[in-house]
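Novice: Below: sequence and its predicted model.
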Amino acid sequence: MSDENDPLVRHLVELCKELDGDAIPILLGGGMGLYLRLRFIAPRTSRYPFDLPVRSTADLDVFLSSSLIVDRPKIEALRAALGRLGYEVAPEAKNFQFAKTVRVLGQDRRIKVDLLSAPPEKGDAGKVEVKRPRIKPAGAKGIHAYLTEEAAGIEIGKQPVEMARLDPEARLQNRILFLPSSFNFLILKLNAFGDRKNDADSDYGRHHAADLFAAVARMGETDWAVAKEHLAAHGEREYLKKTQAIRRENFSKAADLGLLRLRESETYRRNREVFNTRLEQFIADLQDLFPG
């Protein structure tokens, strides 16, 4: 497994330490979330008995829960923490992306924190200001998050990450870092694929398709149980119906676009023989997870 992400892990730990004083919990998605899951949490399973490389990333995709996005003092404390760590507003996505340049192995590397948010609960709609796709607590200054409707169940089955696993010397007073459940990760990735599958600037979603395969390959019994609970609780909600439709339209058979993009991905091309032995199983597993 590549260690190209290790410098980013150090900056993730740094961020968590800074958030500890205000007890601000975050969920980490995206490529870095998958990297941590495969490296520290998800063991190899008998159903997919092999390891896959994890792509490198320069982003920390930080998800804010529905209860956190309505908490103005904590969101403003999050903004202050990013400032203390040297992150500045990214001009291409003002106030919901923050970036800084660090020196790694003698070269400059840009690290970016993307803030994304679950939608607030219905009773809390008056506590936020929404100008899609932006959302922030009412009255907050200098910070937004990207409103992500498909993150509505982001806290279901979330998994805590112990700082000592990332840095043996790290000691926090609060649990700050969580990973979304495997099922939530798949929900987010399917929606990301649906948005990017025809986007040349995003490599046509090929990396999202490869991430879907990697996430399914590391799902254990507990992950499957959480997926069933999540589907039972939210199966009639629009974000899950949309996700099921994306799966059905793109990952139902080998000739579908999702499988084409998977086969086009760099990860697949480097591990063609491994992937080919489990493609049909991957299709069947996604159908079981997102029926309809």
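Specialist: On my side now, so go ahead.
Novice: buried sites along stretch 196-213?
Specialist: 196, 197, 204, 205, 206, 207, 208, 209, 210, 211, 212, 213 (16 or more other CB atoms under 10 Å). C-betas here are computed from N, CA, C, even on glycine.
Novice: Quick check: the fourth one is in a helix.
Specialist: What that stands for is residue 205. Yes: looking at residue 205 with DSSP: H, G, I helix; E, B strand; the rest coil, it is inside a helix.
Novice: ok, it touching residue 196?
Specialist: Yes: if you go by CB atoms under 8 Å, residue 205 and residue 196 touch, sitting 3.8 Å apart.
Novice: pLDDT and distance to residue 132 added to the buried residues of stretch 196-213, as JSON lines?
Specialist: Listed next are those as JSON lines, based on pLDDT from 0 to 100; distance: CB to CB, whole Å:
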{"residue": "196", "pLDDT": "95", "distance to residue 132": "18"}
{"residue": "197", "pLDDT": "96", "distance to residue 132": "22"}
{"residue": "204", "pLDDT": "94", "distance to residue 132": "25"}
{"residue": "205", "pLDDT": "95", "distance to residue 132": "22"}
{"residue": "206", "pLDDT": "96", "distance to residue 132": "27"}
{"residue": "207", "pLDDT": "93", "distance to residue 132": "25"}
{"residue": "208", "pLDDT": "95", "distance to residue 132": "22"}
{"residue": "209", "pLDDT": "96", "distance to residue 132": "27"}
{"residue": "210", "pLDDT": "94", "distance to residue 132": "29"}
{"residue": "211", "pLDDT": "94", "distance to residue 132": "25"}
{"residue": "212", "pLDDT": "96", "distance to residue 132": "26"}
{"residue": "213", "pLDDT": "96", "distance to residue 132": "31"}
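Novice: Show me which of the residues you listed is closest to residue 101.
Specialist: residue 207 (23.2 Å; CB to CB).
Novice: hang on, the earlier thing: list just the nearest of the buried residues of stretch 196-213 to residue 24.
Specialist: Distances from residue 24 to those, taken by CB to CB, are shortest for residue 211, at 26.3 Å.
Novice: SS state for that closest one?
Specialist: helix.
Novice: Contacts only, for it.
Specialist: Contacts for residue 211 (CB atoms under 8 Å, 6 or more residues apart in numbering) come out as 31, 34, 55, 189.
Novice: Could you work out the most separated pair of those?
Specialist: Going by CB to CB, the pair spanning these furthest: 55 and 189, at 12.8 Å.
Novice: about what we covered before: so which of the contacts of residue 211 sits lowest on pLDDT?
Specialist: Among those, residue 55 carries the lowest pLDDT, at 72.
Novice: show me where pLDDT drops low in the stretch 101-250 of the chain?
Specialist: Within the stretch 101-250 of the chain, no range satisfies pLDDT under 70.
Novice: Which residue ranges of it form strands?
Specialist: 107-117, 128-131, 134-137, 145-147, 159-160, 177-179 (DSSP state E, counting those that start in this stretch).
Novice: Of the ones you listed, give the one that comes closest to residue 237.
Specialist: Minimum separation from residue 237 across the strands of the stretch 101-250 of the chain (CB to CB) falls at strand 145-147, 15.6 Å.
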